[in-house]
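Undergrad: give me a model of this one.
(one chain, ligands or ions: 1)
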Amino acid sequence: MVYRGLFRNWPRFDTPTDTLMNSRRPRRNRKSEAVRNLVEETQVSVKDLIFPLFLVEGRDQESEVASMPGIYRRSLDGMLREIESCMKLGISAVDVFPAYPESLKDAVASESYNPETFYLKALRQIKKEFPELCLMSDVAMDPYSSDGHDGLVKNGKILNDETLVILGKMALAQAEAGVDILGPSDMMDGRVGYIRQLLDQHGFIDTSIMSYTAKYASAFYGPFRDALDSAPKFGDKKTYQMNPANSKEALVEAALDVAEGADFLMVKPALSYLDIIKSLSEAHPLPIAAYNVSGEYSMVKAAAERGWLDYDRSMNEMLLSIKRAGAKVILTYFAKDFAKQKH
Ligand code: PBG
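TA: Here you go, the predicted structure:
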């Protein structure tokens, strides 16, 4: 109706001003940078970000992850320097993942709670040098497991309740090392409640839990498994990680995690799951986190290296979309590049 005059006169392009409903011109709110700033609903801040870092044993070790250009595995000495430079850029939260050699892995992930293991020693040192840093760690068996699974394996099956006992020991060991936020990323049933209870019983009432609430069995974890050499030795993770086809299940997981005492609910990966981020943020008042995973980083890096995408603009648009969907916290390998561009 509104544009009838325009089309009736096609292709003479008479000015349609008199036939447009002039009171509704959304472009007015885009007319200048200053006006665009006023109506801008979402901003990503470096304060929203958690930077995942990869740790290896030893000294003077630094190697780039082949499938994640710009991301390195570092020994503690380099890790401490890296954290310092991140903090100077305003990044105040990091998530440290250990890369264990095959020789230290076993079926029950014993190394994960060995108080003398290089990872726990490093966490203690990091917290000592940077007490104001928010230090996060993952609770799952895969980096320490000779099966490469997040849970205990018996006859090709992942045992749920037996795994909880190991996760509990791991969680206590990490809390003792000074971790601020534990991230159970294993997807076993009941682990948030089990870990919360154990922490409280041992006096770790201030140790937070960011539950990997809706963690999907995703292709986008590939580069991360390269970084840690942690791919499953058989099968896949579909009996514990969620089916990418499902969204209602995420609400079930979230309700359980809320009841079991989680402080944050995480959705992972982020970009193919913006609808899940939105529905969890509408359903629950807890802060929602999203893990912008390794594959999501690598695809932008790879396309940018070929000159197919503008790196900064793609990164900013991705992070913005994750925040707009409802995530307050974003775990992202872009954190340092994002922070650098703002300073
Ligand atoms: C381990 C874990 C994974 C990631 C975080 N913790 C991999 C997996 O579940 O196989 C993936 C992170 C990423 O891809 O960046 N439980």
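Undergrad: burial count for Glu282?
TA: 10 (other CB atoms under 10 Å). For glycine as for every other residue, the C-beta is placed from the backbone atoms N, C-alpha and C.
Undergrad: need the contact partners of the host helix or strand of it.
TA: According to DSSP states H and E, Glu282 maps onto helix 274-283. Contacts to helix 274-283, defined as CB atoms under 8 Å, 6 or more residues apart in numbering, come from residues 213-214, 247, 250-251, 254, 265, 267, 270, 288, 290, 321-322, 325-327.
Undergrad: mean confidence for it?
TA: For helix 274-283, mean pLDDT rounds to 98.
Undergrad: thinking Gln61 is in contact with Leu76, fair?
TA: No - if you go by CB atoms under 8 Å, Gln61 and Leu76 don't touch, sitting 9.1 Å apart.
Undergrad: which of the contacts of helix 274-283 lies closest to the ligand?
TA: Nearest to the ligand among the contacts of helix 274-283, counting by CB to the nearest ligand atom, is Ala270 at 10.0 Å.
Undergrad: how about the nearest residue to the closest one once chain neighbours are set aside, phi and psi?
TA: Distances taken as CB to CB, 6 or more residues apart in numbering place Ala290 nearest to Ala270, at 4.0 Å, with adjacent residues excluded. When read as degrees, to the nearest 10, the backbone of Ala290 gives phi -130, psi 140.
Undergrad: buried residues, the helix or strand hosting Ile126. List them.
TA: Here Ile126 sits within helix 118-129, counting by DSSP H and E. In terms of neighbour count (16 or more other CB atoms under 10 Å), helix 118-129 has its buried residues at 118-120, 122-123, 125-127.
Undergrad: go through stretch 40-52 and flag the buried ones.
TA: Those would be 44, 46, 48-52, for stretch 40-52 by 16+ other CB under 10 Å.
Undergrad: ok, now stretch 248-265?
TA: 250-251, 253-254, 256-258, 260-265.
Undergrad: quick check: the residue of the stretch 101-250 of the chain nearest the ligand.
TA: Nearest to the ligand, among the residues of the stretch 101-250 of the chain, is Phe224, at 3.2 Å (CB to the nearest ligand atom).
Undergrad: pretty sure that residue contacts Asn292?
TA: No - Phe224 is not in contact with Asn292 according to CB under 8 Å; the separation is 11.7 Å.
Undergrad: and the two? which has more neighbours close in?
TA: Taking other CB under 10 Å, Phe224 and Asn292 do not tie; Asn292 has more neighbours (28 against 24).
Undergrad: so for stretch 206-213, what's the average pLDDT?
TA: 98.
Undergrad: buried set for that stretch?
TA: Within stretch 206-213, judged by 16+ other CB under 10 Å, the buried ones are 207-213.
Undergrad: check whether that stretch comes near the ligand.
TA: No - judged by CB under 6 Å from any ligand atom, stretch 206-213 and the ligand are separated, with a smallest distance of 7.3 Å.
Undergrad: leaving out sequence neighbours, find the closest residue to the residue of the stretch 101-250 of the chain closest to the ligand.
TA: Ser294 (3.9 Å).
Undergrad: near the ligand, which residues of the stretch 51-200 of the chain?
TA: Residues of the stretch 51-200 of the chain lying near the ligand (CB under 6 Å from any ligand atom): 138, 140, 142, 150, 185.
Undergrad: tell me the contacts of the last one?
TA: When contacts are counted by CB under 8 Å, 6+ apart, Ser185 touches 138-140, 150, 212, 215, 268.
Undergrad: tell me which two in the residues you listed are the farthest apart.
TA: Pairwise distances across the contacts of Ser185 peak at 14.2 Å for Val139 and Lys268 (criterion: CB to CB).
Undergrad: just to revisit the earlier point, now the residue of the stretch 101-250 of the chain closest to the ligand: which helix or strand?
TA: helix 222-228.
Undergrad: which strands or helices does the helix or strand Ala302 falls within pack on?
TA: Applying DSSP H and E as the criterion places Ala302 in helix 294-305. Using 3 or more CB pairs under 8 Å, 6 or more residues apart in numbering; DSSP states H and E as the contact test, the elements touching helix 294-305 are helix 222-228, helix 311-325.
Undergrad: alright, that wraps it up for me.
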